[in-house]
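fold the following, please.
(chains A and B)
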Amino acid sequence: MFVTGTSSSLQPAGKTMEKVGDKPGLNSPMADVLYNLAGKNRKKMKGIIGRKIGMTSIFDPGGKQTACTIIEAGPCVVTQVRTKDVDGYSALQLSFGDKKEKHTLKSEKNHFSKAQTGAKKFVKEFRDTSLEKNIGDTVTVDIFAEGDTVEVVGTSKGKGFQGVVKRHGFSGVGEQSHGQHDRQRAPGSIGGSSYPSRVFKGMRMAGRMGGDRVKMKGLKVVKIFADKNYILVSGSVPGHNGSIVLIQK
Amino acid sequence: MNAVNYVHEQLTGTKEFPKFKAGDNITVNYKIVEGNKERIQSFKGDVIKRQGSGATATFTVRKISDGVGVERLFPLSSPNIDSIVLNKAGRVRRAKLFYLRSRSGKSARIKEKRMAVETKTP
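This next block holds a predicted model:
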């Protein structure tokens, strides 16, 4: 499905690709259009890698209590700068969390040495970021200000194999009597019989729940402790304490 | 230092309150904002629960108002608590006094703790 306004797109897709080094196609106008069509990063964002520390609540002077999550965000080192010319897209590769040397591969050591930094545990690319940084620079919580609205991405807590009531919010069987027995949390019918003679794809059933990538939007930055690299955001954040989260604005 | 403690050290003011625990009779003077006026309302009753630790600790006070049991939960570090007055220390055998809810009248009383009084030695 190539939907685009550029005239070159009328040709077969293979021929519109331009050669850039050894990576054909990455720099073509088509790649750009498809990327935008996918709806990703319409707004230029800036982000940082952090570690969820835990939750607490704080009072404002008026006495209103707000639940907050403490995140240790950064400092992150820019370990690679992806550019449109070389890589076909622009991004900043940020690295966070120190790693022991004995756990570091030779190839990793070399990669991090280009940024004059020790080996890091977590590496993440932030695409089309509004931060203007060079390799070796550090990104700290200072990129955010108190009162900002941010979104936090994390991996939700694993819940194991769960039934449809917990996993999909089914209401279960409403009654315990009137012929119901041992099926209070059952899913009920999953489809017709002779037609369609199959179960439709995507039918919501019991299964593994949690452990998904979850994005929490609209969290407010309540407070920033620049000296400790702590950032206090309102509300909850996916994942268990100590898990890695991305904070974006 | 623990990050949660650090955050509260920076953000949460500390107030000095008398030590109290479940079974004690206290008066909580609580600030109430009505429109743009602020006044202090006092709530007097028995502490039936202390819960939590650190800056998020709370306590519950129960009193009988017009024959109806009323319970109110206060966050200990709320800036709206003006002061707490300890009226009577109670002698109780447990930390949560939920059994008081099913009692009324004489059986819902809490015995007062008798303190040793320092006697002056000549």
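
does the closest residue to residue A:145 other than its chain neighbours sit in a helix, a strand or a coil?
Excluding the flanking residues, the one nearest residue A:145 by C-beta to C-beta, 6 or more residues apart in numbering or on different chains is residue A:221, at 6.9 Å. (Glycine included, C-beta is placed from N, CA and C.) Recorded secondary structure, residue A:221: strand (DSSP: H, G, I helix; E, B strand; the rest coil).

hmm, residue A:146 and residue A:221 touching each other?
Yes: Residue A:221 is within contact range of residue A:146, at 5.5 Å (criterion: C-beta atoms under 8 Å).

and the strands in chain B?
B:25-34, B:37-51, B:58-65, B:68-75, B:81-88, B:90-91, B:111-112 (DSSP state E).

which one's more surrounded, residue A:221 and residue A:146?
The neighbour count for residue A:221 versus residue A:146, taken as other C-beta atoms under 10 Å in any protein chain shown, is higher for residue A:221 (19 against 11).

how about the residues of chain B near chain A?
Residues of chain B found near chain A (C-beta under 8 Å from any C-beta of the partner chain) are B:3-4, B:6-8, B:10-12, B:31, B:33, B:54-56, B:75, B:77-80.

quick check: domain ranges of chain A?
Split into domains by automatic domain parsing, chain A comes to A:13-37, A:43-74+A:141-168+A:207-249, A:76-139.

could you check how far whatever residue of chain B ends up closest to chain A is from residue A:220?
Closest approach between chain B and chain A, counting by C-beta to the nearest C-beta: residue B:80, at 3.9 Å. To residue A:220, residue B:80 is 22 Å away according to C-beta to C-beta, to the nearest Å.

neighbour count winner among these two?
The residue with more neighbours, out of residue B:80 and residue A:220 and counting by other C-beta under 10 Å, is residue B:80; that gives 20 against 15.

in this structure that one contacts residue B:31, no?
Yes: with contact defined as C-beta under 8 Å, residue B:80 reaches residue B:31; the gap is 4.5 Å.

identify the contacts common to those two.
Residues within reach of residue B:80 and of residue B:31 at once, by C-beta atoms under 8 Å, 6 or more residues apart in numbering or on different chains, are residue A:63.

show me which residues of chain A sit near chain B.
Applying C-beta under 8 Å from any C-beta, we find that chain A lies next to chain B at A:53-54, A:56-59, A:61-63, A:65, A:70, A:72, A:223, A:225, A:228, A:230, A:232.

may I see the PyMOL selection of the buried members of the residues you listed?
One line in PyMOL is enough to select the buried ones among the residues of chain A next to chain B; burial here means 16 or more other C-beta atoms under 10 Å in any protein chain shown:
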select buried, chain A and resi 53+56+58+59+70+72+223+225+230+232
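
show me the contacts for the closest residue to residue A:244 other than its chain neighbours.
Closest residue in space to residue A:244, ignoring its immediate chain neighbours: residue A:122 at 5.5 Å, by C-beta to C-beta, 6+ apart. Residues counted as contacts of residue A:122 (C-beta under 8 Å, 6+ apart) are A:49, A:95-97, A:244.

would you map the strands across chain A?
In chain A, the segments counted as strands under DSSP E are A:47-59, A:65-73, A:76-82, A:91-98, A:120-127, A:138-139, A:149-155, A:160-162, A:207-209, A:213-225, A:230-234, A:244-248.

got TSV for the ones you listed, with distance to residue B:20 too?
Output for those, formatted as TSV (distance: least, C-beta to C-beta, whole Å):
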stretch	distance to residue B:20
strand A:47-59	21
strand A:65-73	21
strand A:76-82	47
strand A:91-98	44
strand A:120-127	47
strand A:138-139	48
strand A:149-155	39
strand A:160-162	43
strand A:207-209	44
strand A:213-225	31
strand A:230-234	30
strand A:244-248	40
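
out of the ones you listed, which gets nearest to residue A:197?
strand A:207-209 (22.9 Å; C-beta to C-beta).

list the neighbouring strands of the closest one plus their orientation.
Sheet pairing for strand A:207-209, assigned by DSSP bridges, gives strand A:160-162 (antiparallel).

which outside residues touch the strand it pairs with?
Here strand A:160-162 has contacts from A:206-210, using C-beta under 8 Å, 6+ apart.

where are the low-confidence patches of chain A?
Filtered on pLDDT under 70, chain A yields the residue ranges A:1-29, A:31-43.

find the closest residue to chain B in it.
Taking C-beta to the nearest C-beta, chain A has residue A:63 as its residue nearest chain B, at 3.9 Å.

excluding chain neighbours, give the residue nearest to that residue in space.
Closest to residue A:63 by C-beta to C-beta, 6+ apart is residue B:80, at 3.9 Å.

residue contacts, that neighbour?
So, once contact is read as C-beta under 8 Å, 6+ apart, residue B:80 ends up touching A:63, B:30-32.

just the buried residues of the contacts of strand A:160-162.
Taking 16+ other C-beta under 10 Å as the criterion, what is buried in the contacts of strand A:160-162 is A:206, A:209.

of the contacts of strand A:160-162, closest to residue A:89?
Closest to residue A:89, out of all of these and judged by C-beta to C-beta, is residue A:210, at 31.2 Å.

report the separation between the residue nearest to the closest one when sequence neighbours are not counted and residue A:136.
Spatial nearest neighbour of residue A:210, chain neighbours left out: residue A:159 (3.8 Å); criterion: C-beta to C-beta, 6+ apart. Residue A:159 is 41 Å from residue A:136, where distance means C-beta to C-beta.

for stretch B:94-105, which positions count as buried?
B:97, B:100.

from one end of it to the other, what's the distance?
End-to-end span of stretch B:94-105 (C-alpha to C-alpha, to the nearest Å): 20 Å.
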